[in-house]
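K.L.:
coords please:
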Amino acid sequence: MKALALFLMTLLLPLTAPLSATEMTGPEAGDAAPAFRLQDQNSKWHQLSDFKDDYLVLYFYPKDFTGGCTKQVCAFRDDIAALKKAGARVVGVSLDDVKSHTEFAEKYHVPFPLLSDAKHDTARDYGVLTSKEGFGDYARRETFLISPDGVVVKRYRDVDPEKNVKQVLHDLAAKMGAS
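P.N.:
Reported below is the predicted structural model:
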């Protein structure tokens, strides 16, 4: 049986295409933002093209109801008026299901969509899908600032959950000043 499995693997291995650099690392500044279509905490579907009139702050986070993720969602919630004034809309994404997002959004009064990437496709496309033994798959905490024409303006890696919104506001102010 082991020999048969090994034989089948050697036949199928050449058929699997290697991941492109974008698929492994995700988009960087200047790259087109990968399209997505995901459900939010209210079971409403959202896609990248829905945000074509505004900047989009697309932030990925590991898990609802964890310390850092709660701090981050509350920081974005608390600065939502400033983000709107700067011409940006906010969307959070994790691998949690819609039900978890519903409970998380209700508990913390989240005024923006929290998208469920239960199939992990969007996290993979943005290069933030990772896993940890004992924890499983999750989205790394990264944020993408996307222009109205769908281009990544900035990618924020290893963000501080409480300071990330201020970084984004600073960069939005610089963009608006340059316009």
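K.L.:
SS state for V153?
P.N.:
Three states are possible here, and by DSSP: H, G, I helix; E, B strand; the rest coil the one that applies to V153 is strand.
K.L.:
ok, now the one 5 residues further on?
P.N.:
Secondary structure assignment for D158 (three-state DSSP): coil.
K.L.:
what do you get for the one 3 residues further on?
P.N.:
Per three-state DSSP, the local secondary structure of P161 is coil.
K.L.:
excluding chain neighbours, give the residue nearest to it in space.
P.N.:
In this structure, P161 finds its nearest non-sequential neighbour in Q72, 3.6 Å apart by C-beta to C-beta, 6 or more residues apart in numbering. Every C-beta, even on glycine, is put in place using the N, C-alpha and C of the backbone.
K.L.:
what lies in contact with the lengthiest helix in the chain?
P.N.:
Of all the elements of type helix in the chain, the one with the most residues (DSSP state H) is helix 164-178. Judged by C-beta atoms under 8 Å, 6 or more residues apart in numbering, the contacts made with helix 164-178 from elsewhere in the structure are 55, 57, 59, 72, 75-76, 78-79, 82-83, 86-88, 143, 145, 153-154, 156, 159.
K.L.:
how about R89, secondary structure?
P.N.:
When classified by three-state DSSP, R89 comes out as strand.
K.L.:
let me see the contact set for the residue most central in space within the chain.
P.N.:
Using C-alpha atoms, centre = their mean, the residue of the chain that lies closest to the mean C-alpha position is F60, 3.3 Å off. Taking C-beta under 8 Å, 6+ apart as the criterion, F60 is in contact with 92-94, 123, 126, 128, 139-143.
K.L.:
which of the contacts of helix 164-178 count as buried?
P.N.:
When burial is judged by neighbour count using 16 or more other C-beta atoms under 10 Å, the buried members of the contacts of helix 164-178 are 55, 57, 59, 72, 75-76, 79, 83, 86, 88, 143, 145, 153-154, 156, 159.
K.L.:
skip the chain neighbours and tell me the closest residue to L114.
P.N.:
Leaving aside its chain neighbours, L114 sits nearest to H101 (4.2 Å; criterion: C-beta to C-beta, 6+ apart).
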